[in-house]
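Chemist: coordinates for the following, if possible.
(one chain, ligands or ions: 1)
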Amino acid sequence: MTNKTFKPCDLVIYGALGDLSKRKLLISLYRLEKHDLLEADTRIIGVDRLDETSEGFVEIAHKSLQSFLNNTIDEQIWQRFSKRLSYLKIDLTQAEQYKQLNAAVDAKKRVMVNYFAVAPFLFKNICQGLQSCGVLNAESRMVMEKPIGHDLKSSKEINDVVADVFHEDQVYRIDHYLGKETVLNLLALRFANSIFTTNWNHNTIDHIQITVGEDIGIEGRWDYFDKTGQLRDMLQNHLLQILTFVAMEPPADLSAESIHSEKIKVLKALRPITVREVEEKTVRGQYTAGFVKGQAVPGYLEEEGANTKSTTETFVAVRVDIDNWRWAGVPFYMRTGKRTPNKRTEIVVNFKQLPHNIFKDSFHDLPANKLVIHLQPNEGVDVMMLNKVPGIDGNIKLQQTKLDLSFSETFKKNRIFGGYEKLILEALRGNPTLFLSREEIEQAWTWVDSIQSAWSHNHTAPKPYPAGSWGPVASVALLARDGRAWEE
Ligand code: BG6
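Modeler: So this is what the prediction gives:
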């Protein structure tokens, strides 16, 4: 992650009046402004097909901040921020309309950063439109995010369309989990602390769990979600990305090439899940009506606009084996679901039990050490250890205690930003380390496609689980078969 002088940018948001732009991008840009992280001369150009003026766009941005900022708008910051905004009405399917961009951006003095906040079927039009108006140069960048396809084939099609116009090093593929503070902290934890560097392998680790649970349902996104499902929506990207950070070999440095190449090696070493193993190694679930935080909530099939016969999964659990020297015999268990009892994202590294127990008075079986990395909601790291209970009477008594490094306590003065702020900033600064390479995405699809096609082949129906629970009982059985249990 380099430190250089940054050029001001013309950030062009295609789909500026859409949900992603209003809920995430404009909010994150305002926060960057607030913390003085935008170059003074950077401009934000909203592009959409609706009849709107720059003044109208400024008003829309203000309303978005009122709705989604979760904070009061600072008038002074807003005045500065709003001056950066302008709007162009372009029908993205009409190549000749892109000419308007020539007058709006200044490719000689600034870098043009093109944020594709639209559905992928429009990518081809945008790429061709940009090419035909001649506004791009070697410094221009494009930013896109999931869904980058729904399988390997469609993902390749999208990447091919983009590759016709942008060179791979101009393409910034976002997975917003890679902007989260604790995911980045994994690099520090693993590669700056000798107690972990030497113990991070099959000699000392028994197994690793990755949990990403959300108490929300599908939030009115039935159409998108039902075609996608939890495997493609969450596991293919966010969970596999976390896994690569946990499992990768030490990179030579923090450059994009070094990090990407180590992550790809992990993805290539994932053992494919075959038709024969899929029932034993994976669990598909779908939530039924239940209670979340004391509130009654409908089942997936009763959500607004639902197709009552849908067999889309809202929960997945999977046992992952990584076929390489470091991880031979160490399973990674991953689970992710909608309508879990609370929002919880965490990684639990379970160390091996000691070979012999001399503290039988305290524990028949000595509990093994655990490293728990909380990604959200409360960022931090806990280490579960055994300590002697203070006292002079009788035998040594042990108790399990927690070494607790809560980020909000330890780093009180440092604000923890959301993923988008970090990633937008990196895209504006031209640092691709935290973005996904084409090869990574395609490798992840190859592995996920094997599960999806095994489910289709076996007609694996999702198992019901009540909203407000951690998935179907089969998810407990997935670990119980191996003599293990989820961290609760
Ligand atoms: C998105 C998924 O990528 O991530 C959503 O499409 C999900 O379904 C969201 O709710 C979760 O993100 P976060 O940052 O709230 O954990």
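
Chemist: and what about the closest residue to the ligand within the chain, helix, strand or coil?
Modeler: Using Cβ to the nearest ligand atom, Asp233 is the residue of the chain that sits closest to the ligand, at 4.8 Å. C-betas here are computed from N, CA, C, even on glycine. What DSSP: H, G, I helix; E, B strand; the rest coil gives for Asp233 is helix.

Chemist: so where's the stretch 201-350 of the chain uncertain?
Modeler: Across the stretch 201-350 of the chain, nothing is flagged by pLDDT under 70.

Chemist: where along it do the strands fall?
Modeler: Here the stretch 201-350 of the chain has its strands, by DSSP state E, counting those that start in this stretch, at 205-214, 282-288, 290-292, 295-297, 315-320, 332-338, 344-351.

Chemist: may I have the longest one as PDB, with CA atoms only?
Modeler: So that's strand 205-214. Extracted in PDB, the C-alpha atoms of strand 205-214 (Å, rounded to 0.1, in the frame of the first residue of the first chain):
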ATOM      1  CA  ILE A 205      -4.400 -25.700  14.400                       C
ATOM      2  CA  ASP A 206      -7.300 -28.200  14.600                       C
ATOM      3  CA  HIS A 207      -9.800 -26.400  12.500                       C
ATOM      4  CA  ILE A 208     -11.100 -22.900  11.600                       C
ATOM      5  CA  GLN A 209     -14.600 -21.600  11.500                       C
ATOM      6  CA  ILE A 210     -15.900 -18.600   9.500                       C
ATOM      7  CA  THR A 211     -19.400 -17.300  10.400                       C
ATOM      8  CA  VAL A 212     -21.200 -14.500   8.600                       C
ATOM      9  CA  GLY A 213     -24.700 -14.200  10.000                       C
ATOM     10  CA  GLU A 214     -27.200 -11.500   9.300                       C
END
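
Chemist: whether that strand contacts the ligand - can you check?
Modeler: Yes. Using Cβ under 6 Å from any ligand atom, we find that strand 205-214 touches the ligand at Glu214.

Chemist: and the strands of the stretch 201-350 of the chain as TSV, adding mean neighbour count and distance to Ile158?
Modeler: Converted to TSV, the strands of the stretch 201-350 of the chain look like this (neighbours: other Cβ atoms under 10 Å; distance: least, Cβ to Cβ, whole Å):
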stretch	mean neighbour count	distance to Ile158
strand 205-214	21	24
strand 282-288	25	26
strand 290-292	17	35
strand 295-297	13	34
strand 315-320	26	23
strand 332-338	24	23
strand 344-351	20	27
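
Chemist: follow-up on the earlier one: tell me, how many neighbours does the residue of the chain closest to the ligand end up with?
Modeler: 24 (other Cβ atoms under 10 Å).

Chemist: what sits against Val320?
Modeler: 243, 270-271, 331-334 (Cβ atoms under 8 Å, 6 or more residues apart in numbering).

Chemist: hmm, I was thinking of Ala104
Modeler: Counting by Cβ under 8 Å, 6+ apart, Ala104 has contacts 10, 12, 45, 86, 88.

Chemist: what helix or strand is the fourth one located in?
Modeler: Secondary structure from DSSP states H and E places Ser86 in strand 85-89.

Chemist: buried residues, the helix or strand following that strand. List them.
Modeler: Once the chain leaves strand 85-89, the next helix or strand it forms, by DSSP H and E, is helix 100-104. The neighbour-count check on helix 100-104 (16 or more other Cβ atoms under 10 Å) flags 100-101, 104 as buried.
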